[in-house]
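Chemist: Model the following, please.
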Amino acid sequence: MGRGKVYLNKGQYEQAINDFSYAIAINPQSADAYNNRGLAYFGKGQYDQAINEYSKAITIDSQYAQAYYNIAIVREAKGDFQDAINAYRKFLIVVSPQETDRIEYAKEHIAKLGG
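Modeler: Predicted structure coming up:
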């Protein structure tokens, strides 16, 4: 999965998707691989597919805070503000208190979106 992250960071989303898909084929219970594949789809502007991937990560690990956070960002980008607020709130329930920057971001966006 390391090479997939390199591709992701370089904006080479199709290669990243291929690598994360391979990781999923090897370990279908890898929430990280689904989350990362979602990031690649988000980078390509394929928002619905990104949400599907993040949702798969949450199905595997219901406490996967990053996937809730990512869903919120995608929902906000799509203009689905109530769904974004709900996802930010779920994120705040499961996130580690050490994630102070993301917690603050989520709180600010809940307020900005009218939640």
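Chemist: Now find how far off-centre the helix-or-strand element of the chain with minimal mean pLDDT is within its chain.
Modeler: Every helix and strand in the chain was compared by mean pLDDT, DSSP states H and E; the lowest is helix 2-9, with a mean of 92. Helix 2-9 sits 15 Å away from the centroid of its parent chain (C-alpha atoms, centre = their mean, to the nearest Å).
Chemist: Give me the contacts around that helix.
Modeler: The contact list for helix 2-9, computed with C-beta atoms under 8 Å, 6 or more residues apart in numbering, reads 13, 15-16, 18-20, 23, 33, 36-37, 39-40, 43. Every C-beta, even on glycine, is put in place using the N, C-alpha and C of the backbone.
Chemist: For Glu104, see how far away Ala50 is.
Modeler: 23 Å (C-beta to C-beta, to the nearest Å).
Chemist: How about the contacts made by Gln63?
Modeler: The neighbourhood of Gln63, defined by C-beta under 8 Å, 6+ apart, consists of Val94.
Chemist: tell me the SS of it?
Modeler: Going by DSSP: H, G, I helix; E, B strand; the rest coil, the secondary structure assigned to Gln63 is coil.
Chemist: Excluding chain neighbours, what is closest to the most centrally placed residue in the chain?
Modeler: Most central in the chain under C-alpha atoms, centre = their mean is Asn70, positioned 3.1 Å from the mean C-alpha point. Excluding the flanking residues, the one nearest Asn70 by C-beta to C-beta, 6 or more residues apart in numbering is Tyr54, at 4.9 Å.
Chemist: That neighbour contacts Ile71, correct?
Modeler: Yes - because the distance of 4.8 Å satisfies C-beta atoms under 8 Å, Tyr54 is recorded as touching Ile71.
Chemist: more crowded one of these two?
Modeler: Using other C-beta atoms under 10 Å as the criterion, Tyr54 and Ile71 rank with Tyr54 on top: 29 against 26.
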